[in-house]
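Colleague: have a look at this prediction, sequence included:
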Amino acid sequence: MHTHKILLALLLSFSTLGAVWHADNAWDNNYEEMYSKWMTSKEVHAKLFVDPASKYYGLRADCADAAYALRAIFSFENSLPFAISNPSGGRSNNYLSNSVTAFDRISNPHKRVVAFLNNLGESVGTENLSRLDTYPVKLASIRPSTLFTYKIKGRFGKVIRHAYTIKNIQTTGSFDLIYSTQAIKKENLPMNYREGKELVNLPQTVWGFRRFKSPEYLGTQNSALPEFLSYSEEQFSLAKKLGQNEFFTYVKSLLKTENETPNKLIARVLKNICQEASQRIGNVNQGVAYNNSRNGRCMDYTDYDIYSTPARDKALKGAYESLAYNWQKIGSQVSDNQLALIVESIVKSTYLDEELVLEYCPIRVEGLATYNLAELWRRIRNGNLSSHPNDSLGARWGEAGVRTSCKVWY
C-alpha cells in the first residue's frame, strides 16, 4: 500500500500549469460509486462526441477509445487523476496521464481534454485496456461503468477485439450498453446505445467483465488489489463450465432485482434480435457505400477491419440462438399468443406466419428487399449472409449478388 501512495503522489505532483487538468481529489470507493451513477445519467449519451452543443464535441473514438474517454471525462469533471499504462512501454514514462503538458497551448479546458483523448486514441486499444489498465471483477459486483471486453479468433491467425461499457443494468439483470466501433470513429457517427443487448462471447484469459484500475494501482498485481475493488477470476472457470447461454443467464440471476416473467423474457430476447438485425442495415450500408466509392477495389486489412461484419454477424446469430435456447426452456409458459406465434414462426420450420413476423420487425434494406426475422434466421443458418465489405449489397444479405474474389483478411 505504501508504494501505491508514492505512485499516486508522483502522479499528482507531476502536474504543472500546462497539465491537461489538475487533480485535487483521489480515487476511492465513493468516487467509484459516483462514476457508476454518472454512467447511468443523461450526461452519458450516444451523441456525446458528435453533438456540436456537447462540451466534448470533436472527440473521435473507437471501442477502446470510448471506454477510456468516459473514464477520463468523469475524472476531469471531478478533479481526479487519470492515468493509463504507456503502450509504448517507455522507460522514462510508464504512464500517460492528465499531467502531460503537450496540450498547454489550448486554453479551453474541454477542448484540451478532447485533444488529449484524440491523441491517446491513436496509441491505445483493447489489448491495453484488458491486459494493463483493468482487472476482472466478481460477477455479483458488476455495475454500471463495468466493462465487457472480448477477443475472438478470425481466419488466418487474425483476431477481432471489442469493448462495451455497461451504461445501466435493468431490474431483470440485462445490460444496457454504450460503445463505439472503428467504423463509427472513421465516419464520425454517434456511439451505439443498446438496451438489453445480449452478450455472446464468453470471458477467457484477460477478456470479460472488467473494471478500471485507478492510477495508484496501475502496475499492481491483481491479487494484491484491496478487497473493496472486488477482484476475482471466477468468471473464467464459470464460463468454461456453463457455456454461453447458461453463463450469461447465471450472471443476470446474480444482478436482477426482480424476476422476469416468461412473457417479458421472450419479448426482451426477441426485441434484441430485432435491434441486432436492424443495426446490421446501417453497418452493411457503411461498407457498401465505402466499397462503391472505391469502385470495388479490394480493401486492405485496415479498411476490411473497419467495414467487415463478422463479429456483428456472430452477435446476431447469438441473439437467435438465445431465443431458441430460452424458448425451449420456457416457451410452454408464455401466455401471450401473438408473441408465441412470432417465436414459433422463427424457431420452428414447420410453422410460419410470415405476415405476423414481418409486421413485428420488418428489416427494410433500401434498394434490395424487406425481410422478416424468420427468413433472416434461415439465411444465417444456411451461411448465406456475407460479412465481406467488398461483396455487393445483395450478397451481404444472402441474395444471389456479386461475391468478391478479394482477400478475406480474417
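Modeller: Now that the structure is in, tell me what you want to look at.

Colleague: check which helices and strands the top helix by length along the chain sits against.
Modeller: What stands out as the longest helix in the chain, according to DSSP state H, is helix 262-293. In terms of contacts (3 or more Cβ pairs under 8 Å, 6 or more residues apart in numbering; DSSP states H and E), helix 262-293 is packed against helix 182-187, strand 192-194, helix 301-307, helix 310-330, helix 337-347, strand 363-365, helix 373-381, helix 393-396. In short, each C-beta sits where N, CA and C put it, glycine included.

Colleague: as JSON lines, these with mean neighbour count and distance to residue 25 would be great.
Modeller: Formatted as JSON lines, these follow (neighbours: other Cβ atoms under 10 Å; distance: least, Cβ to Cβ, whole Å):
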{"stretch": "helix 182-187", "mean neighbour count": "19", "distance to residue 25": "31"}
{"stretch": "strand 192-194", "mean neighbour count": "18", "distance to residue 25": "29"}
{"stretch": "helix 301-307", "mean neighbour count": "18", "distance to residue 25": "38"}
{"stretch": "helix 310-330", "mean neighbour count": "19", "distance to residue 25": "38"}
{"stretch": "helix 337-347", "mean neighbour count": "18", "distance to residue 25": "50"}
{"stretch": "strand 363-365", "mean neighbour count": "15", "distance to residue 25": "48"}
{"stretch": "helix 373-381", "mean neighbour count": "19", "distance to residue 25": "49"}
{"stretch": "helix 393-396", "mean neighbour count": "21", "distance to residue 25": "49"}
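
Colleague: which strand in the chain has the most residues?
Modeller: strand 159-169 (DSSP state E).

Colleague: that one: how far from the chain's middle?
Modeller: 3 Å (Cα atoms, centre = their mean, to the nearest Å).

Colleague: which positions in it come out as buried?
Modeller: Buried residues in strand 159-169, counted by 16 or more other Cβ atoms under 10 Å: 160, 161, 162, 163, 164, 165, 166, 167, 168, 169.

Colleague: any idea how far residue 64 is from the fourth one?
Modeller: When you say that, I think you mean residue 163. 5 Å (Cβ to Cβ, to the nearest Å).

Colleague: between these two, what contacts are shared?
Modeller: By Cβ atoms under 8 Å, 6 or more residues apart in numbering, residue 163 and residue 64 have these common neighbours: 126, 129.

Colleague: run through the stretch 1-150 of the chain and note the low-pLDDT ranges.
Modeller: 1-17, 88-93 (pLDDT under 70).

Colleague: switch to 80 and redo it
Modeller: 1-18, 87-93 (pLDDT under 80).

Colleague: can you show me the helices along the stretch 101-250 of the chain?
Modeller: 109-120, 126-131, 182-187, 234-242, 244-255 (DSSP state H, counting those that start in this stretch).

Colleague: distance to residue 292 added to those, as CSV?
Modeller: Output for these, formatted as CSV (distance: least, Cβ to Cβ, whole Å):
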stretch, distance to residue 292
helix 109-120, 29
helix 126-131, 30
helix 182-187, 15
helix 234-242, 41
helix 244-255, 36
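
Colleague: so for residue 101, which of those helices sits nearest?
Modeller: Minimum separation from residue 101 across the helices of the stretch 101-250 of the chain (Cβ to Cβ) falls at helix 109-120, 10.6 Å.

Colleague: tell me the one among the buried residues of strand 159-169 nearest to residue 304.
Modeller: Once Cβ to Cβ is applied, the member of the buried residues of strand 159-169 that ends up nearest residue 304 is residue 160, at 11.2 Å.

Colleague: residue contacts, the closest one?
Modeller: 151, 152, 153, 154, 310, 311, 410.

Colleague: quick one: secondary structure of residue 355?
Modeller: Here residue 355 is helix, with the state taken from DSSP: H, G, I helix; E, B strand; the rest coil.

Colleague: going forward can the numbers begin at 42, since that is how I track them
Modeller: Shifting the count to begin at 42 puts that one at residue 396.

Colleague: how far away is it from residue 310?
Modeller: 22 Å.

Colleague: quick one: which of those two has more around it?
Modeller: Neighbour count, other Cβ atoms under 10 Å: between residue 396 and residue 310, residue 310 has more, with 21 against 10.

Colleague: leaving out sequence neighbours, find the closest residue to the more buried one.
Modeller: In space, and not counting its chain neighbours, residue 310 is closest to residue 364: 5.0 Å by Cβ to Cβ, 6 or more residues apart in numbering.

Colleague: pLDDT value on the most centrally placed residue in the chain, please?
Modeller: Among the residues of the chain, residue 205 comes closest to the average C-alpha position under Cα atoms, centre = their mean, at 2.4 Å. The model reports residue 205 with a pLDDT of 98.

Colleague: contact partners for it?
Modeller: 104, 188, 189, 190, 216, 218, 219, 220, 238, 240.

Colleague: closest one of the residues you listed to residue 74?
Modeller: Distance to residue 74, by Cβ to Cβ, is smallest for residue 188 among these, at 16.4 Å.
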